[in-house]
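Asker: model the following, please.
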Amino acid sequence: MGYTLPSPDSPAERARALMARKDALEAELEAQGSILKANNTDMRQPLVDHDGFPRADLDVWAVRHARVRVIELRNDLTTLMDEMAKTLETIYPRSRPEPPQAEDDELLPFARVNGVAPGSPAADAGMERGDLVVKFGELRHPQSNLQAVATLVADNENKAISVLVRRLGVERVTALRLIPRQGWGGRGSLGWSIFPLNCL
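Answerer: So this is what the prediction gives:
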């Protein structure tokens, strides 16, 4: 019996091709970032001096070109990640968040969501500013802390994390399904800001 190669149009092969494209985009993004670093600048610093002349301490043309390319690559990466998510869903169907259990209503919050960036993984999951996090994966009060949350996020990129939050005006805790991912177009892999709560 001969071995049959998978169809190049199959979801699995499509996912592999998208992953390869993602690696290429990230490599080029790193290369463009190196150009900015070599010129001791970033995406925001002005390219002219106080008199309005091009700065003599950097290669203005190279920096300008790198900045434009970084923006293009970030946009391409965001589009690619969305396509990857859709493709992966055809291979691994999305499961619903597990419904909260009765005992979950007794959990104490350990962090508050201070902000959620539009279009971020946190926003896609339904996270809202003001949400009180009572459970993040297996993390809960009092053992949980923001460092533990950051470690869990880093270890679960592109994987679903079950999150329970208390929300103003909602009696029961709310279950969310959060998928950390880089390249969504903003900082971090979640696109949120949180701060700890001291629950006595």
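
Asker: so what does the helix or strand bottoming out on mean pLDDT in the chain touch, helix or strand wise?
Answerer: Least confident element among the helices and strands of the chain, by mean pLDDT, DSSP states H and E: helix 60-91 (a mean of 84). When contacts are defined as 3 or more CB pairs under 8 Å, 6 or more residues apart in numbering; DSSP states H and E, helix 60-91 sits against helix 11-38. Yep, even glycine has a C-beta here, placed from its N, CA and C like the rest.

Asker: could you give the angle of the helix it packs on to helix 60-91?
Answerer: When axes from the mean of the first three to the mean of the last three CA atoms, to 10 degrees is applied, the directions of helix 11-38 and helix 60-91 differ by 160 degrees.

Asker: how far does helix 11-38 sit from the chain's center?
Answerer: Counting by CA atoms, centre = their mean, to the nearest Å, helix 11-38 is centred 16 Å from the centre of its parent chain.

Asker: list the strands paired with whichever strand or helix holds residue 175, with their directions.
Answerer: Secondary structure from DSSP states H and E places residue 175 in strand 174-178. Counting by DSSP bridges, the strands paired with strand 174-178 are strand 161-166 (antiparallel).

Asker: so for the strand it pairs with, mean pLDDT?
Answerer: For strand 161-166, mean pLDDT is 91.

Asker: what about the strand holding residue 175, distance to the chain center?
Answerer: Centroid separation for strand 174-178 versus its chain: 15 Å, with CA atoms, centre = their mean.

Asker: pLDDT on it, on average?
Answerer: For strand 174-178, mean pLDDT is 90.

Asker: could you identify the helix or strand that succeeds it?
Answerer: Note on strand 174-178: by DSSP H and E, the next helix or strand toward the C-terminus is strand 192-196.

Asker: and that following strand, which strands flank it?
Answerer: Assessed with DSSP bridges, strand 192-196 is paired to strand 111-116 (antiparallel).

Asker: which residues does the partner strand contact?
Answerer: With contact meaning CB atoms under 8 Å, 6 or more residues apart in numbering, strand 111-116 is reached by 122-123, 127-133, 136, 144, 146, 149, 165, 191-197.

Asker: which residues of the protein score low on pLDDT?
Answerer: 1-9, 91-105, 198-200 (pLDDT under 70).

Asker: how about 80 then?
Answerer: Filtered on pLDDT under 80, the chain yields the residue ranges 1-12, 15, 82, 84-107, 142-145, 169, 171, 186, 197-200.
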